[in-house]
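Enquirer: need a 3D model of the sequence below.
(chains A and B)
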Amino acid sequence: MDNFQPELIETLLDDIKSNYSPTDQLASTRYSSFDILQHLLLRFESYLVDHLNDKFIDTFIHISSNEKDPKNLMESFTLNKAISTKFDISSKEDDLFDCVFCYFPISFRAPANNPYNITGDQLKQALRDCLSCNALYAKDSFPNLVEKLTSTSPSVKMDVLLTIKQCIEQYPSDTIEEYFISLWNSLKYEILHRELASADNINDMLKYYENAENEDEQTVAVTLHIFECFSKKFSDVKQERYADYLILVYDSLKEYLGDPESAKIRQSSVIMSVFCGSNLNSYNLLISKCLTSLLTPLKKKQPSDLTIRDQRSMLTNVSFMLDSYHELFNEKGLAVDPSNNQLFNFKDDILTLINRALLSASTVEVTFRCLAIKLIVKLFSLASFLEIEECQLIVQTLTDVLLEDENAHTFSQALAALSEISKEYPMIILEFTVPRLMVLLPDSSTTVTSKVFFKEKVLDVLLTISDNRLIINSVLIRLLNKLEIVLQNENTGYYPKLLLFSLSKLLRTLSPTDSTNDYLKKFIPRFLHLVITEIVIKKSSAIYEDPIAAEYSARVLKEIVAKCDPSLHQKLLDDVFELFVGESTTNSLLYKPLEKPVNISRNTVLFILFAGICSTIDYKAAKVPMDSQEFVNSIIAVLDSGKLELAERQAALQAVSLVVNKWFGSEQRPYLLKKLASMKGSEVNAGSLEIFTFVTKALLLKNDRQSKQFVDYLIGLLENGTEEIARLIPKCFEIIVAEADCFELYRRPGGAFGKWVVFNVNVRPFYKQKFVDSTLPLLIEKFRANVGSRNHLLAIALIVKYSEREIIVPHLEKILPVVLTALMQRSSLILSSSLTILEIAIEETPELIKGHLSTLVPRLLEVLRLKGSTETKIKTLECLMALSRFPLHLVVPFKEDIIDGCVVSLDDDKRGVRRLGCDVSQVYYELGSEE
Amino acid sequence: MTEPLNANPTVLDVSELPRRDDISRDFSKRNLEKSEEQLIYSKLRTLSLLSTDYEDDDEMTTDIEELSLPELSDASDSGDRPIEADSDGSRTEPIDAQEIYDLIAPISDPEHPLTLGQLAVVNLGDIKITNPTEKGQIGEVLIRITPTITHCSLATLIGLGIRVRLERCLPKRFRIVILLRKGTHQSENQVNKQLNDKERVSAACENPQLLRVISHMLSTCQ
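Expert: Numbering: from 1, shown residues only, chains lettered A, B, ... in the order given. Reported below is the predicted structural model:
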C-alpha cells in the first residue's frame, strides 16, 4: 500500500461497489473486502472523512449486507463502529443502523472446536459497541430494543438489557431525556412485576442477582444497573428537564411507596434506593420525597391504628433507602453536611419507628423486632449520621431488649448488634450495657438476681460484647472484684471456677498485638495473691487445692505473659522463681505479702500455675535464674516421691519438659546422656518411663540430635522390656506426638520482614514429619517380623491417630498390609486408626485399594455388624462412602451387600451414625442408576 | 405459555425450617465449665502413663461389644458432644419426629425447584412417631402431608417419594403410614388408599420410569 495514492481510493471504492458482489463470494474472499476498507481507513482516515464520506459509507453498506460469517461479522462491526464515530453519518444513519441491528439478537454459539476463535459474547459486545457509539442511533435503537424486551427468552432479554445499559452510558444526557419516559415505562415492570429475593441491603441483593445461575434472575441486576445509569446522567442540577423526569419516576411509584400494604412497595423502594444511591444530585432531589411517602402511615394514622404489618413494611423499606446513604457517604466517601442532607430530617421518625418496635411491641413479634434491630445496626454503620446522645439512647434500648426479651432469636440478634456496636463505640457499651450485666452477677451461687439471666448467660454475653480493648480492660477488673467477693461467700467451687474460666476466655480474645504490660501492675498482683491464697493457703476456701481452678488461673497468667513485652520476661521469670521456689512472700507479683511462704515442691498444685507461666515466657529473652539441671533434678525428686495427683503430676512433667525444651543447650548434653545411661542401667518402672518420655518429647520438638537415641531406646523397649513395660511403650509414643497445652505456639511479629515467629517454645515446624518418617517404617518392619505383636500395632495406630494426612501419605504403601491385618482386630482403638489410614488411602492412592475390594468390603461390613464404638462405626461408614466414588464396574458388584450391611446402622443408638447410614445407603441405591 | 395453577406457592426460607435445637446458647441444657473440666481431665489422661485404664484395651479375645475404652475414644469427640452427668458413650438418641422430618424435608418437589420442607408439604407438627424402647417391637411413623393445592395431581407421587425415602432410611421395624391432611385434597380418600396399599406401592416401585422420577426427587437428600 506504500505507493497507493489517495486519488486512487475513489476508483477503488467505485469498483468494489459496482463490480464486486459479496453474495457470490466465499467467506475468505469477503474477508478481503473488509480488509481493504480497514486498511484504507487506517491510512487515509482524514482524507476519507473530508472527501469521500458518503461513498465510503455506501461501499461499506454494500459489502456488509447479508454477511453471515462470524469472523467477517466481527470485521464488519468494527468498521461500522469506526465509521459511526468518525464520519458524518447523518444522511446514512438508517442504513448503517439496519446494517447492524438486523443481526440483533445474536444467538451465535461457538461450535465445540471453535474454528473462528470468536465467541458469541464477543459478537454481542461488538454489536453493542456499534449501537452505543453514536447518539444518532437512539431514535432507532431505543424503540427497537424496547420492542424486543417483550421476548420470552431470558438470554435475549439479557442481551437487550445489556445493550440498553451501554447505550444509556454512552449517549449524552439530552438524548436520554428524549427517550426517558418510554424506557422507564417498559423497564420498571422488569422489577415491579417480580418477587424480589430477600436481602438485608441493596448490595447483597445486587450480588445475589449478579451471581444467580439462571439468566432470568440476572436480568434483575442488569435492570437495576440501568436505573443507576439513568441516575448518573443527572450530573448537573441545572438540567431541569432531567430532574423533572427523575421526579416522574418517583411519581409513578408514589402510590406504592405510600401504601404499606401494597404488593409493590418493596420493589419500589429498591428502585428508588438505586436511583438515590448512585448520584448525589438524584439523592438530594429524591430522598426526602421517598421517605415522606414511605413514612406516611406514621404521620397519618393514630399510633393505635398502626398495624404491625404497616410498621414492618416501613422498617424494611426505610432500611433500603438508608442503603443509598451508605452507598454515597460510606462507599464513595462523600462529605456529609447534616444541614443540607435531607435524610437527617427523618432521623426522629426512624428512631420513633425503632422505639415503637422495641419498646411497645409484644415480644411475640420476633421477626418484626429483629427487623428493628437490624435497622439499628445499619444506622450505626452510616457515616456521621447518629449523634452520640442518640447512640446512647439506642444502646440503652437494645440493652433492655437483651435483658428482657426471652425469645432466643431476638436475644441473639440484640447480642450480635451490641457486639457490632462495641467495635466502634466501646465507651457507650461500657457505660450502659456492662454495668447492667454486672449487676446480674450474683455474689454467691445461692443468691438469685434474675430468673432468665442466670450467671452463665451473663458471662457469655459479657464475653461476646468484649470485642474491644477498653471493654476487656474494664470487664477484667470487674470480674476480678466479683471473684474476690464470691470467694468470701462461697463454699462450693463451681461459681468461682466459672469466673476463673470466664477470665481465661476473656484474655484469650486479646489479639497477639494487644499489649498486656499494664496488666502486670494492675491485674496480676491482685489476681495472683488471691489465687495463691485461696488455692494453697486458706484451707476453708471453696477452691482449696482444686486443680481445675489452678488450671484456669494458669491459663489467665499464660495469656498475659504471652502478650506482654519480651523485655519484661526476665524480671517476670526471676520473680516467679523467687515466689514459687525461693519461698519469698513479698514480690512485685503480689500487691501485699502472702500470709505464709509457698513452694512448688510442698504445694504441688502450684506446679500448674508455674508450668502455665513458663510455657509462654520468651525463651530467648529470659533465662532460668538457677542451674537448670539442678532445677530439673529437684522436680524429678518431687515426681519420684509419688504423692501427686494426676493434674499436679502432669504439670510437673510439663515443667520438666519445658525446661529441657527451652533452656537446655549443648552444655546439658552430658547430663542427658547420663540420664539415658541410667535408664538403661536400672530397672525401668512406669514413673521413670513417664519422665523419660516427656524429656524425649522436649528434645524431639526441637529436633535435637540426641532425640534419636532416646526414641531408639523406646523402640527397643517394645521388644526387650518386660511385658509390663512393653505394654506401656505405645502410650509413650502417643504422649510424644499428642498435642500438649504447654507446647501451644504463641507468635509475635519479630522475624525478618516482620514475619510472625514463635517465641514461647522451641518447636520446629517439621518435627512430627521427621519423627514419623524415621519411626513408622521401623515399627512396620518390626511388626512384620513379629506378626501379631499387638504393641507394635498399637504404637503404629497411636502415631497415626495424631498425624496429619500429608505426613501419612508417603507411608501408605507400606502401611496398607498392616491396616488389612488390623481390620481383623477387635480393639476399637486399633480399628479406628486403621480406618483413618484406610480412608486416606481410598482417597489418595485408590490404585492400592482396588485389588483388595473383595476382602475389604465384607470386612468393613463385618465391623459395622459387630457394633464397635460410635467412632469406628462412623469411620467405617465414611470409608464405604469414599468407596462409592470408585469407578462403577468396581463397586457395583458390592452394591446389594453394602445396602444390606448398612441396615444395621439405620437402627443405631446414635443419631450421627443413623444419618451417615442413610446417606451411604442412599448413595448406593442410586449407584449406577444414571446410566 | 400457560402458567401452572400453583405457580406461586408460599415458599419458606431454609432458615425458617424447624431444626434440632441449637443448644449452643441454651444455658439450661449444658454446663460450659463442667464440660471444660472433663476436657481437661481427658487431655491429661492422654498424656499420662500412670493413670490410664490402658489394660482394658488388651482383651484380644473379647468381642467389641464388651470392650470399653473410655478415655481413648472420648478424647477425640468430647469437644462437641453435649456433656451430661457422666457422659459415657452409652446415651441413646431415639428416633424422633425431627429426625423423620430431617429425612423427608429435603426431598425435591417434582414440579418446583424447591424442597418439600420449603413448600410446607411436610410439617414437623404433622409427623407422629411411636417408637418403642425395645428394639424388637414394631414402631409406627404417621405422616400427614399437605399438598400445595387441593387438586394437586402429584400428591401420590410426593407420597410415594416420601415412602421410598423412609423405607430406605428407617429400620425395618417401623410401619410407615402416609396420609393427606384432612380437607387438603379433593380426592383425599382415594389418594390415601393408594399411598398405603402395599401391592400398588411395590408395583409402582418396579416401574423404571417412575423410579427415575423418584430418584430425581431424592437426589437433593444428603
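
Enquirer: tell me which helix or strand comes right after the lowest-mean-pLDDT helix or strand in chain B.
Expert: Here the helix or strand of chain B ranked lowest by mean pLDDT, DSSP states H and E is helix B:70-77, holding a mean of 34. As assigned by DSSP states H and E, the chain's next helix or strand after helix B:70-77 is helix B:97-104.

Enquirer: contacts for that next one, please.
Expert: Helix B:97-104 is touched from outside by A:911, A:914-915, A:918, B:18-20, B:116-117, B:122, B:124, B:127-129, B:141, B:143, B:162, B:165-166, B:169-170, B:221, with contacts defined as C-beta atoms under 8 Å, 6 or more residues apart in numbering or on different chains. Bear in mind the C-beta positions are built from the backbone N, C-alpha and C, glycine included.

Enquirer: how about it: buried residues?
Expert: By 16 or more other C-beta atoms under 10 Å in any protein chain shown, the buried positions in helix B:97-104 come out as B:97, B:98, B:99, B:100, B:101, B:102, B:103, B:104.

Enquirer: okay, those residues in a markdown table with distance to residue A:521 next?
Expert: Listed next are the buried residues of helix B:97-104 as a markdown table, based on distance: C-beta to C-beta, whole Å:
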| residue | distance to residue A:521 |
| --- | --- |
| B:97 | 58 |
| B:98 | 54 |
| B:99 | 56 |
| B:100 | 61 |
| B:101 | 57 |
| B:102 | 55 |
| B:103 | 60 |
| B:104 | 62 |
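
Enquirer: kindly check the end-to-end length of stretch A:300-311 for me.
Expert: Length of stretch A:300-311, first residue to last, C-alpha to C-alpha, to the nearest Å: 13 Å.

Enquirer: could you say which helix or strand contains residue A:196?
Expert: Counting by DSSP H and E, residue A:196 is part of no helix or strand.

Enquirer: cool, and residue A:8?
Expert: Assigned by DSSP H and E, residue A:8 falls in helix A:7-19.

Enquirer: name the residues of that helix that are buried.
Expert: By 16+ other C-beta under 10 Å, the buried positions in helix A:7-19 come out as A:9, A:13, A:16.

Enquirer: cool, and stretch A:889-909?
Expert: Residues of stretch A:889-909 classed as buried by neighbour count (16+ other C-beta under 10 Å): A:891, A:894-895, A:898-899, A:901-909.

Enquirer: for the closest residue to residue A:590 other than its chain neighbours, which residues are in contact?
Expert: Spatial nearest neighbour of residue A:590, chain neighbours left out: residue A:529 (4.7 Å); criterion: C-beta to C-beta, 6 or more residues apart in numbering or on different chains. Under the criterion of C-beta under 8 Å, 6+ apart, the contact list for residue A:529 reads A:590, A:591, A:592, A:594.

Enquirer: write the PyMOL selection for whichever of those are buried.
Expert: Per 16+ other C-beta under 10 Å, the buried members of those correspond to this PyMOL selection:
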select buried, chain A and resi 590+591+594
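
Enquirer: for chain B, just list every one of the helices.
Expert: B:32-46, B:70-77, B:97-104, B:155-169, B:188-195, B:198-205, B:208-218 (DSSP state H).

Enquirer: would you single out the least confident of these?
Expert: Considering the helices of chain B one by one, the lowest average pLDDT is found for helix B:70-77, at a mean of 34.

Enquirer: show me where pLDDT drops low in the stretch 1-150 of chain A?
Expert: A:1 (pLDDT under 70).

Enquirer: for it, give the residue positioned nearest to chain B.
Expert: Closest contact between the stretch 1-150 of chain A and chain B, by C-beta to the nearest C-beta, is at residue A:150 (13.1 Å).

Enquirer: tell me the pLDDT of whichever residue of chain A sits closest to chain B.
Expert: Across chain A, no residue is closer to chain B than residue A:907, which sits at 3.5 Å (C-beta to the nearest C-beta). pLDDT recorded at residue A:907 is 84.

Enquirer: what's around the nearest residue to it once chain neighbours are set aside, how many residues?
Expert: Using C-beta to C-beta, 6+ apart and skipping residues adjacent in sequence, the residue nearest residue A:907 is residue B:171, 3.5 Å away. Per other C-beta atoms under 10 Å in any protein chain shown, the neighbour tally for residue B:171 reads 16.

Enquirer: shaky segments in the stretch 551-700 of chain A?
Expert: Those would be none, if you go by pLDDT under 70 across the stretch 551-700 of chain A.

Enquirer: for chain A, which helix is longest?
Expert: If you go by DSSP H, chain A has its longest helix at helix A:27-51.

Enquirer: orientation of it relative to helix A:7-19 in degrees?
Expert: Interaxial angle, helix A:27-51 versus helix A:7-19 (axes from the mean of the first three to the mean of the last three C-alpha atoms, to 10 degrees): 130 degrees.

Enquirer: can you get me a residue count around residue 50?
Expert: Picking chain A for this. 9.

Enquirer: wrong chain, I was asking about chain B
Expert: 17.

Enquirer: about what we covered before: give me the buried entries from the contacts of helix B:97-104.
Expert: With burial judged by 16+ other C-beta under 10 Å, the buried subset of these is A:911, A:914-915, A:918, B:116-117, B:122, B:127, B:129, B:141, B:143, B:162, B:165-166, B:169-170, B:221.

Enquirer: pretty sure residue A:743 contacts residue A:762?
Expert: No. The criterion here is C-beta atoms under 8 Å, and residue A:743 misses it with residue A:762 at 9.4 Å.

Enquirer: please enumerate the shared neighbours of those two.
Expert: With C-beta under 8 Å, 6+ apart, residue A:743 and residue A:762 have common neighbours A:661, A:701.

Enquirer: the more surrounded of these two?
Expert: The neighbour comparison of residue A:743 against residue A:762 (other C-beta under 10 Å) goes to residue A:762, with 22 against 19.

Enquirer: excluding chain neighbours, what is closest to the more buried one?
Expert: Per C-beta to C-beta, 6+ apart, closest to residue A:762 is residue A:702, 4.1 Å.

Enquirer: burial of the one you found, as a residue count?
Expert: Using other C-beta under 10 Å, residue A:702 is surrounded by 16 other residues.

Enquirer: show me the contacts for it.
Expert: Counting by C-beta under 8 Å, 6+ apart, residue A:702 makes contact with A:661, A:762, A:763, A:764, A:767.

Enquirer: flag the shaky bits of the stretch 751-900 of chain A, pLDDT-wise.
Expert: Looking at the stretch 751-900 of chain A by pLDDT under 70, you get A:787-788, A:867.

Enquirer: so which residues on it come close to chain B?
Expert: A:790, A:794, A:801, A:825-829, A:831-832, A:866-872 (C-beta under 8 Å from any C-beta of the partner chain).

Enquirer: can you flag the buried ones in those residues?
Expert: Using 16+ other C-beta under 10 Å, the buried members of these are A:790, A:794, A:801, A:825-829, A:831-832, A:866-872.

Enquirer: the stretch 601-750 of chain A: helices as residue ranges?
Expert: Listed in chain order, the helices of the stretch 601-750 of chain A (DSSP state H, counting those that start in this stretch) span A:606-616, A:628-641, A:646-663, A:669-681, A:686-701, A:707-720, A:723-737.
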